[in-house]
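# Predicted model and sequence follow; I will ask about them next.
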Amino acid sequence: MDRLFLDANVFFSAAYREDAGLARFWKLKVKLLTSTYAVEEARFNLHDDAQRSRLVALASGIEVISNIFAGALPGVHLPEKDRPILLSAIQGRATHLITGDKTDFGRYFGRTIAGVLILPPAAYLKGLQT
């Protein structure tokens, strides 16, 4: 069974609108996980009480990894703000890191780092249809 670590931007997008397409991840037969860091980042960027309520609902019932801020990532060059995301995915034994962050993670899309395949949401969902 796939273990999907969801980045803050996936949570943000899923909580932003009631009918958000990324809420589809919560209907898949996979194990969802994230970190307290990712949930807090998404919460900080949501400005509406209804959005924040949706975020709480989405975060409940999934595995939340404690923040991991230190660790070696040989050959991986990420800004400090993104290192805890990948480190937490690795610590949580995720099979995939799902992120829409093309700026910082884009060069790693389709690559496996320490057992974690990094993909944008659309690529993962498209792979389910093939």
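Yep, it's here.
# Counting neighbours, which bits of stretch 3-12 end up buried?
Arg3, Leu4, Phe5, Leu6, Asp7, Ala8, Asn9, Val10, Phe11, Phe12 (16 or more other CB atoms under 10 Å). Any C-beta I mention is one placed from the backbone N, CA and C, and that applies to glycine too.
# From those, pick the one nearest Gly71.
Nearest to Gly71 among these, counting by CB to CB, is Phe5 at 14.6 Å.
# Check which helices and strands the host helix or strand of that closest one is in contact with.
In the assignment (DSSP states H and E), Phe5 maps to strand 3-6. Strand 3-6 sits against strand 31-35, helix 83-91, strand 96-98, with contacts defined as 3 or more CB pairs under 8 Å, 6 or more residues apart in numbering; DSSP states H and E.
# Compare these and give me the one nearest Tyr124.
strand 96-98 (5.7 Å).
# Could I have the CA atoms of whichever helix or strand comes after the closest one written out in CSV?
For strand 96-98, the succeeding helix or strand toward the C-terminus, using DSSP H and E, is helix 102-105. The C-alpha coordinates for helix 102-105 follow below in CSV (Å, rounded to 0.1, in the frame of the first residue of the first chain):
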residue,chain,number,x,y,z
LYS,A,102,7.7,23.2,-8.5
THR,A,103,10.1,25.9,-7.5
ASP,A,104,11.9,24.0,-4.9
PHE,A,105,11.0,20.3,-5.5
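# Report the next helix or strand after helix 102-105 in sequence order.
Proceeding N to C from helix 102-105, the next assigned helix or strand is strand 112-113, under DSSP H and E.
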